[in-house]
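Engineer: My questions are about this predicted structure, shown below with the sequence.
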Amino acid sequence: MLYRLPFQDAAGHPLTLSGFKDVHDDPGFDLWRDTSTLYTRILAGHVHTDPADPADPADPAAAEAGARVVAAGIITIHIPDFLRQLTTFRVSGSALEATRGLETFGRLFLGDLWKVYGAFVPAGNADAIGEPR
């Protein structure tokens, strides 16, 4: 999972948070560790990768190659913090639109996880645990 967030520091200098989560199926049950650990770098300037813009390289590595690294680290989220974070989700529109918006987000996120970790569920039991469709 790749993350990119352009922002500004308190003095107004443009920065970019670039991060990734190493989500893969390896021995043991590590889904939580994989999905709650974000390896990050803060880059000087706004680093873009917009394939629709011919001036921007579509390859994130190429776009970041010339950027100065201001800071780097690992961000983790613990289960109690994640549960608290879930209470901050907001969706606008009617109740039906809000429900559909949250469902779409959940299916997108969980669908990607299913592709990686779904092999642990016997094929005949996938519907029993709510396989994303």
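Structural biologist: Thanks, I have the structure now.
Engineer: can you list the weak-confidence ranges in the chain?
Structural biologist: Applying pLDDT under 70 to the chain flags residues 25-26, 28, 49-60, 111-133.
Engineer: Now with 50, please.
Structural biologist: 121, 125-133 (pLDDT under 50).
Engineer: Burial check on residue 63, number of neighbours?
Structural biologist: 19 (other C-beta atoms under 10 Å). For every residue, glycine as well, the C-beta is placed using N, CA and C.
Engineer: which SS state does it fall under?
Structural biologist: Taking DSSP: H, G, I helix; E, B strand; the rest coil as the rule, one finds residue 63 in the helix state.
Engineer: my read: it touches residue 48, true?
Structural biologist: Yes: Residue 63 lies in contact with residue 48 (C-beta atoms under 8 Å); the separation is 6.6 Å.
Engineer: Next, residue 107: phi, psi?
Structural biologist: Main-chain dihedrals, residue 107, degrees, to the nearest 10: phi -70, psi -40.
Engineer: ignore the last one, residue 76
Structural biologist: Torsion angles, degrees, to the nearest 10, at residue 76: phi -120, psi 150.
Engineer: residue contacts, the closest residue to it other than its chain neighbours?
Structural biologist: Among residues not flanking residue 76 along the chain, residue 37 sits closest, at 5.2 Å (C-beta to C-beta, 6 or more residues apart in numbering). Contact analysis of residue 37 by C-beta atoms under 8 Å, 6 or more residues apart in numbering lists 21-22, 74-76.
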